[in-house]
Structure formats: structure tokens, C-alpha cells
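Chemist: Below are the sequence and a predicted model for it; my questions follow.
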Amino acid sequence: MKAEDLNIVTLDELSAILKVPKKTIYGMVHQGKIPYLKFGRLLRFDLDKVYAWMDGKLIEEETIKPIAPTLPAPVKKPYKKNGFTQGHQRFQDIKTKVLSGKIHS
């Protein structure tokens, strides 16, 4: 492969081509997500490799799945004894004891 066959671009050029901020590209480079070349401190990108990488990232319409609606968590029903909740049952028990004279108010 000859040097003139390479389609090498700078970070600024790639940012303009992809229409994404330079910061996003820096993040992808740091995470190893995008193919790049490094010459000392300079980053360069082979457009052919970037386009090939992007082809693998393409989401086809057939593969898009609708997101299922999130259902709320089921609500726990309070424990009922004799048709009353626990708190109400305790109140009824205390009321019965007070009225029967077992507990003095």
C-alpha cells in the first residue's frame, strides 16, 4: 500500500466528517473503541478503517426491538386477619381490652 493510497485525517477533520465533538472522539480513542494511529502525541485516523468500524456499529431496522413498557412493582397487600389490617387489628384488640376493663386508661 502506497502512502498516497491512505486516507489519513486529523482529529479536527474526523470530528467535522462524523459531526461529533472532538471530546467524544478522544473518549472513544481512550476506551479503544475507534481505530486510530498515533505519531508521537499526534492522533491520526485512517478513514477507510473508521468507515469499516462504523459499518459494524450500524443498527439495521430489523434488529431494533421495541422497548417493553416498564411495569410498576407489585404492591404488597397488607396482612389482614379477620378482614382487618395488622394495625387496625391491634387497635381493635386494645379497644376491646380497655372496654372490658383489662387495661386501665
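Modeler: Structure received.
Chemist: Please count neighbours and contacts with C-alpha atoms only from this point.
Modeler: Will do.
Chemist: Below-threshold pLDDT in this protein: ranges please.
Modeler: By pLDDT under 70, the weakly predicted segments of the chain are 1-5, 58-71, 77-87, 103-105.
Chemist: And the strands in it, which stretches?
Modeler: With DSSP state E as the criterion, the chain has strands at 8-10, 37-39, 42-46, 80-81, 84-85.
Chemist: Tabulate those strands (a markdown table), appending distance to residue 18.
Modeler: Output for those, formatted as a markdown table (distance: least, CA to CA, whole Å):
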| stretch | distance to residue 18 |
| --- | --- |
| strand 8-10 | 12 |
| strand 37-39 | 17 |
| strand 42-46 | 12 |
| strand 80-81 | 62 |
| strand 84-85 | 62 |
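Chemist: For the ones you listed, give me JSON lines that also has distance to residue 99 and mean neighbour count.
Modeler: Listed next are those as JSON lines, based on distance: least, CA to CA, whole Å; neighbours: other CA atoms under 10 Å:
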{"stretch": "strand 8-10", "distance to residue 99": "88", "mean neighbour count": "17"}
{"stretch": "strand 37-39", "distance to residue 99": "88", "mean neighbour count": "10"}
{"stretch": "strand 42-46", "distance to residue 99": "86", "mean neighbour count": "16"}
{"stretch": "strand 80-81", "distance to residue 99": "21", "mean neighbour count": "11"}
{"stretch": "strand 84-85", "distance to residue 99": "19", "mean neighbour count": "14"}
